[in-house]
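Asks: mind looking at a prediction? Sequence and model below.
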Amino acid sequence: MSAMTETTRVGDLDIAYETFGSADDPALLLVMGLATQMLGWDERFCQQLADEGFHVIRFDNRDIGLSTHLHDAGTPDPLALLTGTGPAPAYRIEDMADDAIGLLDALGIGAAHLVGASMGGMIVQAAAIRHPGRVLTLTSIMSTPSTQVGKARPEAQSALLIPPATNADEAVERALAVYRVIGSPEFPLDEERLAARARLSYERSADATGVLRQLAAIVGSPDRTEGLRGVTVPTLVIHGKDDPLVEVDGGHATADAVPGSRLLVIPGMGHDLPEAVWPQVVTAIATMASGSTQPQVT
């Protein structure tokens, strides 16, 4: 049975979210990356986390999916974003971190385990810096504290520049083309499931301008390295050794910045979470949350 999508007010935004597991369990908030709706967190992955004793929440960031799209903020120039010559962004990663904590407020949750992937990793990093009392543990997956670290390989950057889809079939083709480049080289790409997700995402919401505003937020946000040095909650950093979009030095830089953090580098993993690594990832998060021995540095 699919989770039911609900919407709640967070500041001036409507944020769409879904939950898995019992509300009596500790909350675990999943934060997704650039251009990706909450559907990027596979329902089966969410359920595996719920089965470990978490109240799992996934949501659409601002400017994506069924959450508020800031159309009045205008459309950034992609070339200006890539060259760093554009105007100040409409919002920054820090504002998106405040959205995440605001969602916890709206749901009456005092503190949660935060798990973020890619841009979502940046968001949870910023949340741990800005709202330390609201974060039980921090897990940053395939992310970086700075756009200057873990830079994309040329082929990965080119994949992201494929023109936006204008219909659902194009959305499927685009997703397959992108993940054939940035996905995990040593794990099979589940093209059938990826295609279904791309089609559903397009049908839920197609807004290329919102994606550009998210990208502007990434480019226009400050380096979080110094802020991460003050993070004291248990922290896990997970990164694919073969990630072409955010290279593995982004994970090393994140782990190096947070005192006492643990780094889990997964060989053969790219810029996605193939089903074969879910048990390892879920166990690592659950183990950290339980206060048991954390994963060893790889």
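Replies: Yep, that arrived.
Asks: who's in contact with the helix or strand Leu212 falls within?
Replies: Per DSSP states H and E, Leu212 falls inside helix 208-219. For helix 208-219, the external contacting residues (C-beta atoms under 8 Å, 6 or more residues apart in numbering) are 34-35, 61-64, 69-71, 73, 75-76, 78, 81, 84, 86, 89-93, 95-96, 119, 122, 147, 164. C-beta here means a position set from N, CA and C on the backbone, and glycine is covered the same way.
Asks: please pick the buried ones from these.
Replies: Listed as buried from these are 34-35, 61-64, 69-70, 73, 76, 78, 81, 86, 89-93, 95-96, 119, 122, 147; burial here means 16 or more other C-beta atoms under 10 Å.
Asks: number of nearby residues for His252?
Replies: His252 has 17 neighbours, counted by other C-beta atoms under 10 Å.
Asks: please apply the same query to Asp14.
Replies: Asp14 has 15 neighbouring residues, counting by other C-beta under 10 Å.
Asks: checking it next. Helix, strand or coil?
Replies: At Asp14 the chain is in strand, as set by DSSP: H, G, I helix; E, B strand; the rest coil.
Asks: please verify my assumption that it contacts Phe59.
Replies: No: using C-beta atoms under 8 Å, Asp14 is not in contact with Phe59; the gap is 10.9 Å.
Asks: what touches both of those two?
Replies: By C-beta under 8 Å, 6+ apart, the residues touching both Asp14 and Phe59 are Ser67.
Asks: narrow the buried ones among the contacts of helix 208-219 to those in helices?
Replies: 78, 81, 93, 95-96, 119, 122 (DSSP state H).
Asks: redo those residues as a markdown table? Include distance to Ser143 and pLDDT.
Replies: Putting those into a markdown table (distance: C-beta to C-beta, whole Å; pLDDT from 0 to 100) gives the following:
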| residue | distance to Ser143 | pLDDT |
| --- | --- | --- |
| Pro78 | 22 | 78 |
| Leu81 | 19 | 78 |
| Ile93 | 11 | 98 |
| Asp95 | 17 | 98 |
| Met96 | 13 | 98 |
| Met119 | 7 | 98 |
| Met122 | 6 | 98 |
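Asks: quick one: which of those is nearest Ala156?
Replies: Taking C-beta to C-beta as the measure, Met119 is the one of these closest to Ala156, at 14.5 Å.
Asks: ranges for the strands of this structure?
Replies: For the chain, the strands defined by DSSP state E cover 6-10, 13-20, 27-31, 55-59, 112-117, 135-141, 235-240, 262-266.
Asks: got a markdown table for those strands, with distance to Glu192 and mean pLDDT too?
Replies: As requested, the strands of the chain are arranged in a markdown table below (distance: least, C-beta to C-beta, whole Å; pLDDT from 0 to 100):
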| stretch | distance to Glu192 | mean pLDDT |
| --- | --- | --- |
| strand 6-10 | 28 | 98 |
| strand 13-20 | 22 | 98 |
| strand 27-31 | 23 | 98 |
| strand 55-59 | 21 | 98 |
| strand 112-117 | 21 | 98 |
| strand 135-141 | 24 | 98 |
| strand 235-240 | 22 | 98 |
| strand 262-266 | 23 | 98 |
